[in-house]
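Chemist: Let's see this in three dimensions:
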Amino acid sequence: MNPDQGPILDARALAEQVMQEEQERRTANAAEQFVLPDNLLPGLSGDAMGFREALREGGTMMIVLLTLLLVFESADQVAVQVLGPDIQKTLNISDTVLTGIASLGGVVLVLATLPLAWLGDRLKRTRVVGFAGITWAGFAALTGLSPTAFTMALTRSGTGLGASATIPISPTIIADQYPIAARTRMLAIESLGRPLGYVIGPFIAGFIATQAGGDEGWRWAFILGAMFPVIIGFLLLTQRDPKRGRFEQEAVLGEAVDVVDPPVRISAAFERLKKVKTFYYLVVGIGLLGFALVAVPVQLGLLLGNNPKHDSHFHYGYGAYTRGWMIGIMQLGQLVAIPIAGYIGDRIFRKDPTRALRLTGIFVLLYGAFTVVGLRFRSVSILIAFMMIANAFQGAAFATIRPAIAAVVPYKMRAQAFAMVGVYIFLMGGFFGGLLAGSFSDAWGQVTALTIIVPPAALLGGLLVMYGAQFMKSDISLGVQELLEEQEERKRMAADPEHIPVLQVRNLDAGYGPLQVLFDVEFEVQRGEVLALLGTNGAGKSTLLKTISGLIMPDRGVVRFNGRTITLVAPEVRVAAGMVQVPGGEAIFPTLSVKENLDIWCELIEDPTKREAARERVYRVFPQIKDRLYQRAGSLSGGQQQMLALSKALLLDPDILLIDELSLGLAPLVVQELLAVVERLKAEGLTMVIVEQSVNVALAVADRAIYMERGQVKFSGPARELLDHEELLHAVFLSGTGA
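Modeler: Numbering: from 1, shown residues only. Reported below is the predicted structural model:
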């Protein structure tokens, strides 16, 4: 063996050992799921609730308006397909152009769900859905007035934008409007709107177009069809937005409270939702099912209408209108299955939510089975019958999926969770499934294409949903634990409002990808206090600071700043709130001058007067910086670079300053200068958390100290008490430099 390969092999062996230990730890954790007793979990083991009682509790108007809005949106979508030949004749466009126009609305609908969910987490949801409904209706009416293919493409994009609010926001409104004991049934009623629109849409559109007469009678179908939804939108604007998480809070805490924490950003919500195991397996499973969900209706339309090249024994050749009502009839099974699934789902969830989600997986498997079997029959009547049954199971599956998501996902992120389901279905499954089905269809025909696509999509999707069901109670329990922790903290702050910690970290787990670095870290920092973070190399100190400042999303736990939860808040929002970090060795732009470095940070201060006052303060604290304003930052000494890094942070007048490696690699004389600055800032009342290798430095400036080892807190207390722990001091002294 080449001697030069020794260090490489050692590093590889070490990495393999670390990953093996991490896998063993995760396996052990999976075997020991945290599950609370059923009587502490919302919606379990409670009394059954009648449908009328649920309506008395939440009211009739909300569920009626949301369901009707979905009916009209779905009817509008299918109207484009039914009236397609008339639209083609009027606008003189090809099949490809018409298909592209119809698909464009669907693409915009999916892409807009995430930003609409973002709005729904920040504004009154009834207003968002109401304005979105009015927007959709306006563009639907403009569809009927479109003079060209281009303008119709714009109007269909507008309808997609308006309709996108119902996917992520409507289920969150229902979840907070109606009790948990009736949640599945109420969500099922709203779900009925989609197949109902698909069933009646072709007949309504065809009837209006026929009555209007002429080649352009189709225009009146869109214009008149948009009038009633405008009224629905305005009525939604008058509805009161239900309190978020109301029923979960009442079930766990005995009361519903207003939460004033900053809203969760989309990327952070996505990272956190991946940690909810039930949701993760569910959304991946449904994403795989999307390969079939999008491909089946498209290929069925082609199968019923084309004179096929390959499946010559499947010769139908029906016109657009006939295909429309045939596909509409195929949705009739959902009108029966969805209410039944809602009723059964509520009963099963109350006894065992795990079993309820496994039933969802079975529905997915049955959808795939009936679809594939039905395609083998040449008789169109038998094909329609089998597709009715298949769609019934599909509707039942989605009627029970949404209550499961509402149960396991924190209520603050529900809208974004529902949005992600749509994104996974249409972008992951729909896009690739459509491409695969199209290529297979061109090569071997529609029946063969669906026979190849549907079985693996339904099988893998259903099995993943069933596998994720085992984590249902654990994920619900973790949500309950978070609510109880929040209640405990609210009571503590109310009892002693003068001593609310500036920084609070509770039960924090974090890491990089599959490698967990922090384990159940917990500590607090009071106003004006200086906390030193000590530990050996690789203990997780820098990772902890990055997690606190928002550069790393935690797997579990809570970070609070001045009493407000900021766990999933964007780093720039934390900076604006007063949390500023000085990263170790990465805090300056070396190719820019000192002044340019300061100028960049000054841009974050909007008031010019405050900006100049901040500069003068920095010059008083660090006169050496003022003398080197036009010197390149990279040419400064190590101590001067650290002073510049601190200067940039102080410009923002932070409430808390996080310093990673204050004295690393600096001469003792320079360290003494920095310590004098830290002492001055401490005297001014600035709260600081300092990652430090030197025990002497920590003892010189810190009020309290935390010693970390392998991602866990081994000591927390007054800094002077470290002198009584020789084993910890010995470990720090031998650890060398680094973090």
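Chemist: May I ask which helix or strand encompasses Asp258?
Modeler: For Asp258, there is no enclosing helix or strand under DSSP states H and E.
Chemist: Could you find the closest non-adjacent residue to it?
Modeler: Spatially, and ignoring its direct neighbours in sequence, Asp258 is nearest to Lys243 (7.4 Å; CB to CB, 6 or more residues apart in numbering). C-beta coordinates here come from the backbone N, C-alpha and C atoms, glycine included.
Chemist: State the phi and psi torsions of the one you found.
Modeler: Backbone torsions of Lys243, given as degrees, to the nearest 10, read phi -70, psi 130.
Chemist: give me the number of residues near it?
Modeler: Lys243: 16 surrounding residues under other CB atoms under 10 Å.
Chemist: ok, now which ones touch it?
Modeler: Asp176, Ala256, Asp258 (CB atoms under 8 Å, 6 or more residues apart in numbering).
Chemist: For it, give me the pLDDT.
Modeler: pLDDT, Lys243: 91.
Chemist: For the stretch 251-400 of the chain, just list every one of the helices.
Modeler: 266-273, 277-305, 320-330, 332-351, 353-374, 380-408 (DSSP state H, counting those that start in this stretch).
Chemist: Can you tell me what sits against the third one?
Modeler: When you say that, I think you mean helix 320-330. 78, 81-82, 84-85, 198-203, 206, 297, 300-301, 304-305, 318, 380, 384, 387-388, 391.
Chemist: Quick check: closest non-adjacent residue to Leu237.
Modeler: Per CB to CB, 6+ apart, closest to Leu237 is Gly130, 4.0 Å.
Chemist: I'd guessed the one you found sits against Val230; true?
Modeler: No - the criterion here is CB atoms under 8 Å, and Gly130 misses it with Val230 at 10.3 Å.
Chemist: which of these two has more neighbours?
Modeler: Counted by other CB under 10 Å, Gly130 and Val230 do not tie: Gly130 has more neighbours, with 22 against 17.
Chemist: The more buried one: what's it in contact with?
Modeler: For Gly130, the contacting residues are Gly233, Phe234, Leu235, Leu236, Leu237, Gln239, by CB under 8 Å, 6+ apart.
Chemist: same check, this time on Arg246
Modeler: Contacts of Arg246 (CB under 8 Å, 6+ apart): Asp176, Ala256.
Chemist: Angles on the backbone of it, please.
Modeler: According to degrees, to the nearest 10, Arg246 has phi -60, psi -50.
Chemist: measure it to Pro179 for me?
Modeler: 9 Å (CB to CB, to the nearest Å).
Chemist: Most neighbours of all the contacts of Gly130, which one?
Modeler: Top of the contacts of Gly130 by neighbour count (other CB under 10 Å): Leu236, with 25 neighbours.
Chemist: Tell me where the model's unsure across the stretch 1-150 of the chain.
Modeler: 1-33, 45-46, 95 (pLDDT under 70).
Chemist: hmm, back to that, can you say which of the contacts of Lys243 are buried?
Modeler: Asp176, Ala256 (16 or more other CB atoms under 10 Å).
Chemist: And the contacts of Lys243, which is closest to Leu66?
Modeler: Using CB to CB, Asp176 comes nearest to Leu66 of the contacts of Lys243, at 12.5 Å.
Chemist: Can you give me the pLDDT of that closest one?
Modeler: 94.
Chemist: In contact with it, which residues?
Modeler: Asp176 sits next to Pro242, Lys243, Arg244, Gly245, Arg246, Phe247, Tyr411 when contact means CB under 8 Å, 6+ apart.
Chemist: what do you get for Met186?
Modeler: Ala54, Gly58, Ile63, Ile174, Gln177, Tyr178, Gly342.
Chemist: And Phe139, by the same measure?
Modeler: Counting by CB under 8 Å, 6+ apart, Phe139 has contacts Thr155, Arg156, Ser157, Gly158, Thr159, Leu161, Gly162.
Chemist: Repeat the analysis, applying 7 Å as the threshold.
Modeler: Contact analysis of Phe139 by CB atoms under 7 Å, 6 or more residues apart in numbering lists Thr155, Gly158, Thr159, Gly162.
Chemist: hang on, isn't Leu686 packed against Leu657?
Modeler: Yes - at 6.0 Å, Leu686 counts as touching Leu657 under the criterion of CB atoms under 7 Å.
Chemist: quick one: the residue nearest to Leu237 and Tyr619, what's the gap?
Modeler: 54 Å.
Chemist: Could you do Ala449 as well?
Modeler: 72 Å.
Chemist: what about the two, which has more around it?
Modeler: Using other CB under 10 Å as the criterion, Ala449 and Tyr619 rank with Ala449 on top: 26 against 16.
Chemist: Output whatever helix or strand that one lives in in CSV, but only the C-alpha positions, please.
Modeler: Element membership for Ala449 (DSSP H and E) is helix 446-468. Provided in CSV are the C-alpha atoms of helix 446-468 (Å, rounded to 0.1, in the frame of the first residue of the first chain):
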residue,chain,number,x,y,z
GLN,A,446,-52.9,3.9,-24.7
VAL,A,447,-53.9,0.6,-23.1
THR,A,448,-50.3,-0.7,-23.1
ALA,A,449,-49.0,2.6,-21.8
LEU,A,450,-51.4,2.6,-18.8
THR,A,451,-50.7,-1.0,-18.2
ILE,A,452,-47.1,-0.2,-17.8
ILE,A,453,-47.6,3.1,-15.8
VAL,A,454,-50.4,2.4,-13.4
PRO,A,455,-49.5,-0.9,-11.6
PRO,A,456,-46.1,0.3,-10.2
ALA,A,457,-47.4,3.8,-9.4
ALA,A,458,-50.4,2.5,-7.4
LEU,A,459,-48.4,-0.4,-5.8
LEU,A,460,-45.5,1.7,-4.6
GLY,A,461,-47.7,4.6,-3.7
GLY,A,462,-50.1,2.5,-1.7
LEU,A,463,-47.3,0.6,0.1
LEU,A,464,-45.5,3.8,1.1
VAL,A,465,-48.6,5.3,2.5
MET,A,466,-49.2,2.1,4.5
TYR,A,467,-45.6,2.0,5.7
GLY,A,468,-45.8,5.6,6.9
